[in-house]
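Enquirer: give me the fold of what follows.
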Amino acid sequence: MLLEAYSLLVVIELALKDYIYEHKSPKTWADKHNIGELICKLNGILPKNVVSLSTHWEQLAGKLGQIQCTDMYGQPKGIKSYPELRYLRFDCDFGTQHKECKHLKNIIGIANDIIKELKLNKVNI
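Expert: Predicted coordinates:
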């Protein structure tokens, strides 16, 4: 489940960067892994409105923030950017109950919704 969620988010980031690079800005590849920021850059270049993409991203960012990962000192912290999923800790790793598997399922669902929206807008994925 973790691999699937992470892979979908990588696919979304790369598709967004390719599309924006092609249609707007060759500097897009210098951007960090901020999918929300990339979605904002789609305004005015996508054939359809990006409001639903922004809504999906807000949902996704909320779910990411609920997941616990490990900081560089081995302490729990919430995820702010999807690459931090690599440091995911699972239920009871910190002595408390977290719902990482449930959140990962939600992330996969929302990521698939974003991919559907991008495909409707002719973004190559």
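
Enquirer: right, and residue 54 touches residue 40 too?
Expert: Yes. Using CB atoms under 8 Å, residue 54 is in contact with residue 40, at 7.4 Å. Where C-beta positions appear, they are placed from N, C-alpha and C, glycine not excepted.

Enquirer: those strands in this protein, which residues are they?
Expert: Using DSSP state E, the strands of the chain run over residues 68-70, 76-78.

Enquirer: now do the helices in the chain.
Expert: Per DSSP state H, the chain carries helices over the ranges 2-23, 35-41, 51-66, 100-120.

Enquirer: now distance to residue 75 too, for these, in TSV please.
Expert: Output for the helices of the chain, formatted as TSV (distance: least, CB to CB, whole Å):
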stretch	distance to residue 75
helix 2-23	20
helix 35-41	25
helix 51-66	16
helix 100-120	16
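
Enquirer: columns mean pLDDT on top of these, output as CSV?
Expert: Output for these, formatted as CSV (pLDDT from 0 to 100):
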stretch, mean pLDDT
helix 2-23, 92
helix 35-41, 87
helix 51-66, 89
helix 100-120, 91
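
Enquirer: in JSON lines, list those along with mean neighbour count and distance to residue 87.
Expert: Below are the helices of the chain laid out as JSON lines (neighbours: other CB atoms under 10 Å; distance: least, CB to CB, whole Å):
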{"stretch": "helix 2-23", "mean neighbour count": "17", "distance to residue 87": "11"}
{"stretch": "helix 35-41", "mean neighbour count": "18", "distance to residue 87": "18"}
{"stretch": "helix 51-66", "mean neighbour count": "17", "distance to residue 87": "12"}
{"stretch": "helix 100-120", "mean neighbour count": "18", "distance to residue 87": "12"}
